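> Whatever this is, show me its structure:
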Amino acid sequence: MEGKKTMSPYDIAKEIDLATGSLISKEALVAKVNGSLWDMNRPFEGDCQLEFFTFDSVEGRDALEMQFGFKLCTGSCAARGQEGFHYDAFYGDRGLNEDDLKDIEKEVKKAVNEKKSFERIEVTKQQALEIFSENKFKIEIIGELPEDKAIAIYTCGSLVDLCSGPHIPNTSFVKAISVLKASSAYWRGNKERESLQRVDGISFPDLKLLKEYLAKLEEAKKYDHRILGAKQDLFFFDRLSPGSPFIDPHGTCIYNKLVDFMKAQYRERGYKEINIYKDNMFVFKIDNKEFGLKPMNCPCHCSINEASGALSGLTRVRRFVQDDAHIFCRESQIKGEVKNVLEFIRYVYGIFGFSFELELSTRPEKYLGEIETWEKAEGALAVALNEFGRPWKINEGGGAFYGPKIDISVFDAFKRKFQLITSEIYLQCATLQLDFQMPVRFELSYSAEDGASREKPVMIHSAVLRSVERMLAILLEHYKGNGHSG
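As a prediction, this is how the structure comes out:
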């Protein structure tokens, strides 16, 4: 379409409504202009391709949730997940209580009723530093931005905040909102920095959706795996060893059944389990005893130094076990091997009663190797996904630094989504990653079919359960504590 500079997506939506009788101008929360997300009221900058997104789309939900993450507080930073939003604010040594949350929700609802508009303003770096001169957190962020690029800020009533956007047109698009909880967080996740208060909330364009969501939360609380684990003597934690679950005899029976089931499935599909290896390990001696540093944690026990405030039952721990497989194959075998792994995942999740979604995560900004290699790898995964026969989406820039990957998101009985996002609240589930780099770095090769030359193999990293402990937690809540044997 050819857009005038004074026109915006909202203007086009109104014209479409007049011509077709649709309600795009009233229902669209955000637009996409030439592939970039765009405010409904932001003027066009030239000819463009235009799309509209309502709350039923991921883009629309993210736009809605982001606005009120920024409205809740005039804090230091904000982030959003796929369900709801949160905002971090600095309160000194003070923590937020229930009365504070009620006051915050009251102010937010007041803003909603006043139909306050979100206005985008682009300023220079120097202007941004002046605007936020009394907020050291904002100053730190601005200081890291390029000198020669405009910085977007948004206003909503008296609120002025940094944000790249886009935003919904005004607060009236939110018909229902709830402030859910407050917790502690460190500035930029660094425990050496300031302690902040994080406020979580959720918003919807319909009150019925909010009521359904809150009812789902209450139902899920009753079947929290931490409560079930204690009631059924499945596992426990000790303050002397935080983040390290101790599995009780009854829980060990369930745990072992899960592990035995997976081992049998791996064997049936031709995998070989490796527990002990020595060749090419870094070996050294301490007190005349030989020690070896294993090159990777898998498939042995793993540990991660999770921040104490992030520990949560079996879902965020410091010690865990994971299934992890590595497939070595020729480039011509990639499609077939990837499809086999996807079928493996479909079978296991079918047994558990999970539905799942697929995403192809592509080359990130920082990556190893050549672009041509990445494009070839991404193309191979896309072909395998198409032939697998299930819908899938693109997650631009979400791949690992060494290769593209397929992320698998599962839904439990409460319709909650669990996916492979290690730094957010979601839990790790299956993953499948293509790796052209590791075989090169380890100087791996195999005899080609002609018998005279050698070629580099391709490595496929895959995991079906990921963390066994986390999967046990998901299964306990999914089945509401029923269905296991002792």
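
> Show me what counts as buried in stretch 226-246.
Within stretch 226-246, the residues that count as buried by 16 or more other CB atoms under 10 Å are 226, 228-229, 232, 234-235, 237, 243, 245. Glycine gets a C-beta too; all of them are placed from N, C-alpha and C.

> Quick check: end-to-end length of it?
13 Å (CA to CA, to the nearest Å).

> again with stretch 138-149
Distance between the two ends of stretch 138-149: 17 Å, counting by CA to CA.

> Name whatever forms a beta bridge with the nearest residue to residue 325 once chain neighbours are set aside.
Of all residues not flanking residue 325 in the chain, residue 462 sits nearest, at 4.9 Å (CB to CB, 6 or more residues apart in numbering). Per DSSP bridges, the residues bridged to residue 462 are residue 325, residue 432.

> Now do the same contact list for residue 192.
Going by CB atoms under 8 Å, 6 or more residues apart in numbering, residue 192 touches residue 186.

> can you count the residues close to the nearest residue to residue 157 once chain neighbours are set aside?
In space, and not counting its chain neighbours, residue 157 is closest to residue 116: 4.6 Å by CB to CB, 6+ apart. By other CB atoms under 10 Å, the residues close to residue 116 number 18.

> Name the residues of stretch 109-126 that are buried.
So for stretch 109-126, counting by 16+ other CB under 10 Å, buried means 109, 111-112, 116-120, 125.

> same thing with stretch 91-101?
96, 100-101.

> Which one of those residues is nearest to residue 291?
Nearest to residue 291 among the buried residues of stretch 91-101 is residue 96, at 48.2 Å by CB to CB.

> Can you tell me how far that closest one is from residue 105?
12 Å (CB to CB, to the nearest Å).

> Please enumerate the helices of the chain.
9-20, 24-27, 58-72, 98-113, 125-131, 136-143, 207-222, 225-231, 249-268, 334-352, 371-388, 437-441, 468-478 (DSSP state H).

> can you tell me which of the ones you listed comes nearest to residue 179?
So among those, helix 98-113 is nearest, using CB to CB, at 4.1 Å.

> tell me the mean pLDDT for the closest one?
Per-residue pLDDT over helix 98-113 has a mean of 87.

> what packs against it?
On a contact count with 3 or more CB pairs under 8 Å, 6 or more residues apart in numbering; DSSP states H and E, helix 98-113 meets helix 58-72, strand 176-186, strand 195-204.

> thinking again about what came up before, burial of the residue nearest to residue 325, as a residue count?
By the criterion of other CB under 10 Å, residue 462 has 24 neighbours.

> measure it to residue 336 for me?
14 Å.

> One more: residue 410?
24 Å.

> neighbour count winner among the two?
Ranked by neighbour count (other CB under 10 Å), residue 410 and residue 336 place residue 410 first, with 22 against 11.

> Quickly list what the more buried one is bridged to.
Counting by DSSP bridges, the residues bridging with residue 410 are residue 356, residue 418.

> Hmm, residue 6 is touching residue 43, no?
Yes. Using CB atoms under 8 Å, residue 6 is in contact with residue 43, at 6.1 Å.

> More neighbours: the two, which one.
Neighbour count, other CB under 10 Å: between residue 6 and residue 43, residue 43 has more, with 15 against 8.

> Give me the residue ranges of the protein where confidence is low.
For the chain, residues meeting the criterion pLDDT under 70 lie at 1-5, 58-83, 276-280, 294-318, 412-429, 483-486.

> Show me how the record splits it into domains.
1-54, 57-211, 227-479 (the TED database).

> mind giving me CSV with those domains and columns for distance to residue 217?
Output for those, formatted as CSV (distance: least, CB to CB, whole Å):
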stretch, distance to residue 217
domain 1-54, 23
domain 57-211, 8
domain 227-479, 9
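
> if we can go back for a sec, how about the helices of the chain, which one is nearest residue 157?
Of all the helices of the chain, helix 98-113 comes closest under CB to CB, at 6.3 Å.
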